[in-house]
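Take this sequence and fold it.
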Amino acid sequence: MLKKLQVLSLLLFGCLVAAHNVQAQSAGRQYSVGFYKPVADTGGYSYHSSLRDYMVQPTFILPEDSTRKRSWFHRKLFQEHLLEYKGDDYDFYASFLPDFQVGHSNWNKGTWLNTRGVIAGGRIGDKLTFYTEFYENQGKFPKYVDNFGRTNRVVPGQGEWKDYSNGKAFDFAYASALINYEASRHFTFQLGYDKNFVGDGYRSMLLSDVPFNYPFLKIVANVGRIQYTTMWAQFIDMKYPKASYDNGYRKKWGVFNYLDWNVSRKLSLGLFSSVIWQDSDSTGKRGFDVSYLNPIVFLRPVEFSVGSSDNALMGLNAKYAVTANSTFYGQFILDEFKLSEMTKGRGWWGNKFGGQVGFRSNNIFDVEKLNILTEVNAARPFTYSQRTSLNNYGHYNQPLAHPMGANFVEWVSIADYQYRRWFLRGEVMLAKYGLDTANTNFGKDIFKSYYTRTLEYDNHIGQGLSTNLLYLQGTIAFLLNPKNNMRLEVSVVGRKESNDAWKFNELIFQVGLRSTFRQLYYDF
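Got it, this is the predicted structure:
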């Protein structure tokens, strides 16, 4: 009976799936730093920049010549989706999304990517919107990405792979979908198999779009200056042994609450909380815990009351827009701590927290479409980790927050510039972290149990095999079609990772025909 009630509850919410007001969230697929807006063009109190809406497709503003009549071929190649239908009470579009790349790495020699993708979406009535994407991929990646894939059994952000080309390359597929319905001007719902992001920066220490897609149900409420979001999601654990072949990988559940308050037109504060719990253990199946079904409950007391030590986290997001185009922002994530141990200053392993501070600006120096971002991120050892990977803060062998996990400090700066159809992007990233050696756990790998920790005290960021990382990336692209971001692109990446045990330098050159606004992270 309990299982039936759970299923009925989820179906009830699913029937109400809704789209969020476009003006109330920032664009979700941010190919350019400039797609982010610190404040709304109008109605500043109703605009919330820190919760990305993946239904909102970013739009490039290009010069138009309305005096010339274009051919069907020209419009489809440079202006429109391949299929576009507009009716009185419905819209539909569909496009082919290629991602063809060839390149060279000084370690992995020839690299290439062969991706054939499709996207379809539209609107039914005034409230229902939807979209779906699918990509079939084969690729040979640079050495450091190849090493990551073979170690973790996933392509970064794109799920599991199988061998291709006699084990020299990966074969993998990617799918995502969202269905949305705007129930009213106060309540919206979203049902998806996709990603989420909370924050105003390039990285998020709270919840990011780094790992592979996952199923979720999200409710967003807007009342005055307040936006309140609740999301229930299911994640995959690939580390823990399968319960059986038929059941596949072990599952875990998550619930997330996020309250964003526009204190003024410039200042906003966000409170974040989440709980992750395992679907089953050796004693039996727990499944979805209805204790976490209430969307407005304080999660930490409920987590304590269920008698099982689930993985609860709390966080803060803050933004101050100094101008209409520039903002300072920051985050703080608290996993666990003891005040008595904190005041002693002995580096106790259980004081687990991290944070972010950054600045970003659009049209900087009064140069239109010149955008910059710079931020620092850090997390103490063992942050996001748990007793087992079944309830840690991860999904598909990647962290749900920062791609480096924990035990790191990072500085990343990005600049991009658009001139007509030309697009330039540059990135500099410096990081320091502590790697594990044989039979040690210094807290970087969040999928290791903290029961295997090497040190009880004297823990600090960078402990273990202290490693430095330098990542440089430059891209020049010519935009063919702004609707699906189809572009001709040339990029160069330099990556240097070094410590006392080894050094690894890789230089990568790539050229390709690319499309979509998907944000995939290879800067780690």
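
Gln510 touches Asn108, doesn't it?
No. Using CB atoms under 8 Å as the test, Gln510 is too far from Asn108 to be in contact (11.7 Å). Where you see a C-beta, it was placed from the backbone N, CA and C, and this is true even at glycine.

and the closest residue to Thr467 other than its chain neighbours, what is it in contact with?
Distances taken as CB to CB, 6 or more residues apart in numbering place Asn499 nearest to Thr467, at 4.2 Å, with adjacent residues excluded. Each residue near Asn499 by CB atoms under 8 Å, 6 or more residues apart in numbering is listed here: 435, 465-468.

Lys432 now?
Counting by CB under 8 Å, 6+ apart, Lys432 touches 408-410, 461-462, 466-469.

Partner strands of the host helix or strand of Ala318 and their direction?
For Ala318, the element it lies in under DSSP states H and E is strand 311-321. Strand 311-321 has the following strand partners under DSSP bridges: strand 267-278 (antiparallel), strand 326-336 (antiparallel).

Looking at these, spot the one closest to Ala431.
Nearest of the strands paired with strand 311-321 to Ala431, taken as CB to CB: strand 326-336 at 17.2 Å.

Now do the helix or strand just after the closest one, average pLDDT.
Reading on from strand 326-336 to the C-terminus, the next helix or strand found by DSSP H and E is helix 339-344. On average, the pLDDT along helix 339-344 is 87.

Tally up the residues packed near Asn327, please.
Not quite, residue 327 is Thr, not Asn. 25 (other CB atoms under 10 Å).

if we can go back for a sec, and of the contacts of Asn499, the nearest to Arg360?
Asn468 (25.2 Å).

Asp500 versus the closest one, what's the distance?
From Asn468 over to Asp500 the distance is 11 Å, taken as CB to CB, to the nearest Å.

Of the two, give the one with the bigger neighbour count.
Taking Asn468 and Asp500 together and counting by other CB under 10 Å, Asn468 has the greater number of neighbours (14 against 8).

Next up, the contacts around the closest residue to Gly224 other than its chain neighbours.
Excluding its sequence neighbours, the residue lying closest to Gly224 (CB to CB, 6+ apart) is Tyr45, at 7.1 Å. Tyr45 makes contact with 224-225, 262, 265, according to CB under 8 Å, 6+ apart.

For the nearest residue to Lys444 once chain neighbours are set aside, grab the count of nearby residues.
Take Lys444 and drop its neighbours on the chain: the residue closest to it by CB to CB, 6+ apart is Asn407, 3.9 Å away. Neighbour count for Asn407, taken as other CB under 10 Å: 29.

Would you mind confirming that Asn407 makes contact with Leu465?
No. Assessed by CB under 8 Å, Asn407 is found out of contact with Leu465, at 10.7 Å.

what's the overlap in contacts for these two?
Shared contacts of Asn407 and Leu465, defined by CB under 8 Å, 6+ apart, are found at 434, 442.

ok, which stretches of the stretch 51-200 of the chain are strands?
All strands of the stretch 51-200 of the chain, identified by DSSP state E, counting those that start in this stretch, fall at 52-53, 83-86, 90-105, 109-124, 128-140, 154-155, 159-160, 162-164, 169-182, 187-194.

Buried deepest among these, which one?
strand 52-53 (a mean of 25; mean count of other CB atoms under 10 Å).

Just list what it packs against, helices and strands only.
With contacts defined as 3 or more CB pairs under 8 Å, 6 or more residues apart in numbering; DSSP states H and E, strand 52-53 has these neighbours: strand 26-27.

Partner strands of the strand it packs on and their direction?
Strand 26-27 has the following sheet partners, assigned by DSSP bridges: strand 52-53 (parallel).

hmm, back to that, tabulate the strands paired with strand 311-321 (JSON lines), appending mean pLDDT.
Supplementary listing: these in JSON lines, determined by pLDDT from 0 to 100:
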{"stretch": "strand 267-278", "mean pLDDT": "95"}
{"stretch": "strand 326-336", "mean pLDDT": "96"}
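
In space, what's closest to the residue nearest the centre of the chain - neighbours in sequence excluded?
Centroid-nearest residue in the chain: Asp209, 0.9 Å away (criterion: CA atoms, centre = their mean). By the measure of CB to CB, 6+ apart, the closest residue to Asp209 outside its immediate chain neighbours is Lys195, 3.9 Å from it.

how far away is the one you found from Leu520?
From Lys195 across to Leu520, the span is 11 Å (CB to CB).

Show me which of these two is the more surrounded one.
For Lys195 versus Leu520, the count of surrounding residues by other CB under 10 Å is larger for Lys195: 24 against 14.

Please list all residues in contact with that one.
Lys195 is in contact with 54, 176, 209, 211, 213-214, counting by CB under 8 Å, 6+ apart.

repeat that for 7 Å
54, 209, 213 (CB atoms under 7 Å, 6 or more residues apart in numbering).

Looking at those residues, spot the one nearest Val155.
Using CB to CB, Asn213 comes nearest to Val155 of the contacts of Lys195, at 12.5 Å.

Wait, the closest one touches Asn196, no?
No. Contact criterion CB atoms under 7 Å: Asn213 and Asn196 do not qualify, at 9.9 Å.

if you count what's nearby, which of the two comes out ahead?
In this view Asn213 and Asn196 are compared by other CB under 10 Å, and Asn196 has more residues nearby, 26 against 21.

Tell me, how many residues neighbour Lys503?
Neighbour tally, Lys503, other CB under 10 Å: 10.

can you check the one 3 residues further on too?
As a burial measure, the neighbour count of Glu506 was computed by other CB under 10 Å and equals 17.

Regarding the residue nearest to the centre of the chain, what is its secondary structure?
Recorded secondary structure, Asp209: coil (DSSP: H, G, I helix; E, B strand; the rest coil).

mind checking which of the strands paired with strand 311-321 is nearest Phe478?
Among the strands paired with strand 311-321, strand 326-336 sits nearest to Phe478 (CB to CB), with 28.5 Å.
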